[in-house]
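Engineer: make a model of this:
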Amino acid sequence: MKLTRKTREPSTVDMLRREMDHFFDDLVPFSWSRDNGGEALGTWAPSADITEDEKEYLIRMDIPGMEKDDIKVNFQGGRVTITGERKTEEKEEEKDHIRQERYYGSFYRSFTLPEKVEEDKIQASFKNGVLKLEIPKAEVVKPKSIKVN
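Structural biologist: Purely as a prediction, here's the structure:
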């Protein structure tokens with residue numbers, strides 16, 4: 001079972017979601033967008049890529065500016081959950097921000113995998129701001145054919 005479909009252009013749903021995000025950002029001055037000088041809500045969702053082949057699922061998530069000890073990865077019931085918190089940097093009292101686009105605070109991402117995996121062989125690594133999860137698929141048990149006598 002394929003987990004993702006690779007496309008070059010954004011889907012209609014993605015474009016609609018972006019337009020709705022922009023619409024609500026314009027309505028609410030303190031929202032996700034910082035274009036209007038608003039404050040962030042304190043939550044954010046790092047971008048992730050998920051790929052698969054016949055042997056494993058691979059999740060790569062961009063989380064720059066964090067330490068590996070600030071990231072938690074859990075797997076339970078076919079669901080991978082990644083949480084963490086990026087702490088704000090010390091602010092210089094004498095400087096005013098003209099624009100601030102980087103998100104700080106807690107994040108939560110969760111992905112449900114469509115097939116059984118080998119939970120004890122999941123590996124996570126963090127290098128140069130990229131979290132990499134290698135999730136091996138479990139061997140599929142093929143039905144045994146029984147001859148009728």
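
Engineer: could you use CA atoms for every contact and neighbour count after this?
Structural biologist: Noted.

Engineer: can I assume D120 sits in a helix?
Structural biologist: Yes. Under DSSP: H, G, I helix; E, B strand; the rest coil, D120 sits within a helix.

Engineer: return the distance of it relative to N74.
Structural biologist: Remark: distance between D120 and N74 (CA to CA, to the nearest Å) = 12 Å.

Engineer: for the two, list the residues in contact with both.
Structural biologist: Common neighbours of D120 and N74 are not found (criterion: CA atoms under 8 Å, 6 or more residues apart in numbering).

Engineer: so, low pLDDT: which residues of the chain?
Structural biologist: 1-10, 22-43, 89-94, 97, 100 (pLDDT under 70).

Engineer: which residue, other than its chain neighbours, is closest to the residue positioned nearest the centre of it?
Structural biologist: Centroid check for the chain by CA atoms, centre = their mean gives A48 as the closest residue, at 4.1 Å. Distances taken as CA to CA, 6 or more residues apart in numbering put M61 closest to A48, at 4.2 Å, once the chain neighbours are dropped.

Engineer: quick one, what contacts that neighbour?
Structural biologist: With CA under 8 Å, 6+ apart, M61 has these contacts: P46, S47, A48, D49, V130, L131, K132.

Engineer: the helix or strand hosting it pairs with which strands?
Structural biologist: Secondary structure from DSSP states H and E places M61 in strand 56-62. Strand 56-62 sits in its sheet next to strand 48-52 (antiparallel), strand 130-136 (antiparallel), going by DSSP bridges.
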